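Q: Sequence and predicted model, in that order:
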Amino acid sequence: MRITAKQSIWLLILGYFVVFGVMTALRHYNFQTQAWDLAAFVQTFWNTAQGRIMENNLEQVHNHLGLHMSPWLLVLAPGYALFQTPYYLLFIQTLALALGAWPLYLLAQKVLGRKWLSFVIVFSYLLYPSLHWANFYDFHEITFFVPLFLAAFYFVESKRWGWAGLFFALAASVKEDAILAVFFAGIYFLFLETNPKSEALNSKQDQNSNLQNFKLLNLFRISNLGFRVLRNKKKAFGIIIAVLALFYFLLAVKVFMPALGGGVLRFDRYANFGATPAAAIATAVTHPALVAQTIFTPEKLFYLLILLFPVAFLPIFSPKTWILFLPGLPENLLTNYNFQFSGLYHYDSILIPAVLIGSVYGLKNLIDRWPSASAREGGWRRERLFFWVILIVAALGFLTRSPLSPKNFPISYFQDTPQKLAYRSMVTLVPDGISVAANTNMVPHLAHREYVYALGSEPKFMDMVLIDLGDSFGFKDEGAFQTYIDNYIQSGFFDANLFENRYLVITSKKLKLVPKP
């Protein structure tokens, strides 16, 4: 039985989900997830299931929506209410990223019209190292931007405006910077060139949609110029999307987030440009040398390399799609916060759709401009060359950068160690309902409670404290770590149990618990 391209895509999607579902689950089981960020999301979802909507005590703002405008999380909350486990978040994130391959395939097939070139684009997506690292590093709302944005883009190309609007709205609901990414998508559609011949050829297919959009077009017939723009439905759609996204962004950062006690709090990562967004923009405009100095460093040039190499630099050949790299690329290049341009975390999620969409259109431009000799034979050879170049480069990108490459493969996930066994023993000692502090890697396993903290961040004494004496993460030095421990023990309110000369369990005497490893 011959396997079709579509069947191959679904097999790849299934394979990705199984492999990364297992590996991210093992990562959590082996205490590699963190208080920031998996535990923060686990506690947020658990609190939401208890009626405390989007609350947690691990982030800077008590309500997550004050820190990040992410109403998308409310879509996932009913699932968490049914399956109250961190593994739900890891699996649903993996499933979403795997499913992003399908709208990408449909988009590539529509643009390229060649199923095996579309297949290899999807193959490069599923092997893309930045996708893997975003999937691997705990759980984040921004990862869902990838499949939602790809789906929205496909529906625009299919002229299915209702579905496109829905998926752009969902993509914008993921996070505040995702709203701006949707805004720039609207700008992209607005500035696409009109192709009158193509419009004429598609007019019969669009008769039904014309009827549906007639009232919308009448609203904008204010001037001849406006009407000329709106005769191209993609441009009209771009205007609507851009205006709505900008309005929503202003509401999010000026009204909703401040009302929840937060705002744009992570702007300190751009302090080299100014203390406020307005000051930073002014500095960037008036001091281009500072912008160049910030961007053109060896680390950031390497970052650009790792973004583009796994897709054979195809986005370079589609200049129009460069606008889709806004605001993500400036976000990651204009900061000195090195995690954002390391390629090892979730920060690339906002760029991944732009990279793949740019790859589709870049490949389309190369095919169109490649000098053809004899049509059939020359075209076949040309496409085969593109296929193998993209396939080989995608494989090389995987082998050199993916967390599952031979170089980085986490064999330790399949091995028990005394530390893992001790951690498992310690977390099982903690009763439900009590407050607890622990090393950052234990916190995600303890987050189904109202009060949980990483060591040293708790505002007062906890009922129970789990400490790995060999891990002082979060403290400025060993002296500060020891002072923290002494404050509990010397208070007289706690019992301390040490085992294996490394693991310390501190328990409030009022609980009358004597933990045993």
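A: That came in fine, so what should we check first? A quick note: this is a predicted structure, and the numbers were derived from the prediction, not measured.
Q: Could you give me the buried positions within the lengthiest helix in the chain?
A: Using DSSP state H, we find that the single longest helix of the chain is helix 375-401. In terms of neighbour count (16 or more other Cβ atoms under 10 Å), helix 375-401 has its buried residues at 382, 383, 386, 387, 390, 391, 393, 394, 397, 398, 401. Where C-beta positions appear, they are placed from N, C-alpha and C, glycine not excepted.
Q: okay, which residue is most central for the protein?
A: residue 143 (2.5 Å; Cα atoms, centre = their mean).
Q: distance of it from residue 338?
A: Distance of residue 143 to residue 338, given as Cβ to Cβ, to the nearest Å: 20 Å.
Q: Repeat that for residue 362.
A: For residue 362, the distance to residue 338 (Cβ to Cβ) stands at 29 Å.
Q: From the neighbour counts alone, determine which of the two ranks first.
A: A count of neighbours by other Cβ atoms under 10 Å puts residue 362 above the other of residue 362 and residue 338, at 20 against 10.
Q: contacting residues for that one?
A: Residue 362 is in contact with 314, 315, 316, 317, 318, 321, counting by Cβ atoms under 8 Å, 6 or more residues apart in numbering.
Q: That one in helix, strand or coil?
A: Following DSSP: H, G, I helix; E, B strand; the rest coil, residue 362 is assigned to helix.
Q: cool, and the one 4 residues further on?
A: State at residue 366, reduced to three classes by three-state DSSP: helix.
Q: Report the contact partners of it.
A: 314, 317, 386.
Q: okay, and for the stretch 151-300 of the chain, where does confidence drop off?
A: 193-231 (pLDDT under 70).
Q: what about the strands in it?
A: With DSSP state E, counting those that start in this stretch, there are no strands along the stretch 151-300 of the chain.
Q: By average pLDDT, which secondary structure element in the protein comes out worst?
A: Least confident helix or strand of the chain, by mean pLDDT, DSSP states H and E, is helix 196-201 with a mean of 40.
Q: Is it correct that the residue nearest to the centre of the chain falls within a helix?
A: Yes. Going by three-state DSSP, the assignment for residue 143 places it inside a helix.
Q: just checking, it touches residue 347?
A: No. Checked against Cβ atoms under 8 Å, the pair residue 143 and residue 347 is beyond contact range at 10.7 Å.
Q: Tell me the spacing between the residue nearest to residue 57 when sequence neighbours are not counted and residue 444.
A: Among residues not flanking residue 57 along the chain, residue 451 sits closest, at 6.1 Å (Cβ to Cβ, 6 or more residues apart in numbering). Residue 451 sits 15 Å away from residue 444, going by Cβ to Cβ.
Q: Who has more neighbours out of these two?
A: In this view residue 451 and residue 444 are compared by other Cβ under 10 Å, and residue 444 has more residues nearby, 28 against 16.
Q: Wait, the more buried one touches residue 36, no?
A: No. With contact defined as Cβ under 8 Å, residue 444 does not reach residue 36; the gap is 9.8 Å.
Q: What count of nearby residues applies to residue 175?
A: 24.
Q: Kindly apply the preceding question to residue 232 instead.
A: Neighbourhood size, residue 232 [other Cβ under 10 Å]: 18.
Q: distance of it from residue 159?
A: 11 Å.
Q: And for residue 99?
A: For residue 99, the distance to residue 159 equals 22 Å [Cβ to Cβ].
Q: same thing with residue 31?
A: 49 Å.
Q: For those two, indicate the residue with more neighbours.
A: The residue with more neighbours, out of residue 31 and residue 159, is residue 31; 22 against 14, by other Cβ under 10 Å.
Q: Quick one: low-confidence residue ranges for the chain.
A: Applying pLDDT under 70 to the chain flags residues 1, 193-231, 371-380, 512-517.
Q: gap between stretch 385-402 and the chain center?
A: Its chain's average C-alpha position is 23 Å from that of stretch 385-402, according to Cα atoms, centre = their mean, to the nearest Å.
Q: ok, and what's touching it?
A: By Cβ under 8 Å, 6+ apart, the residues outside stretch 385-402 that reach it are 116-117, 120-121, 123-124, 127-129, 132-133, 306, 309-312, 314, 343, 363, 366-367, 404-408.
Q: Fine, thanks again, bye for now.
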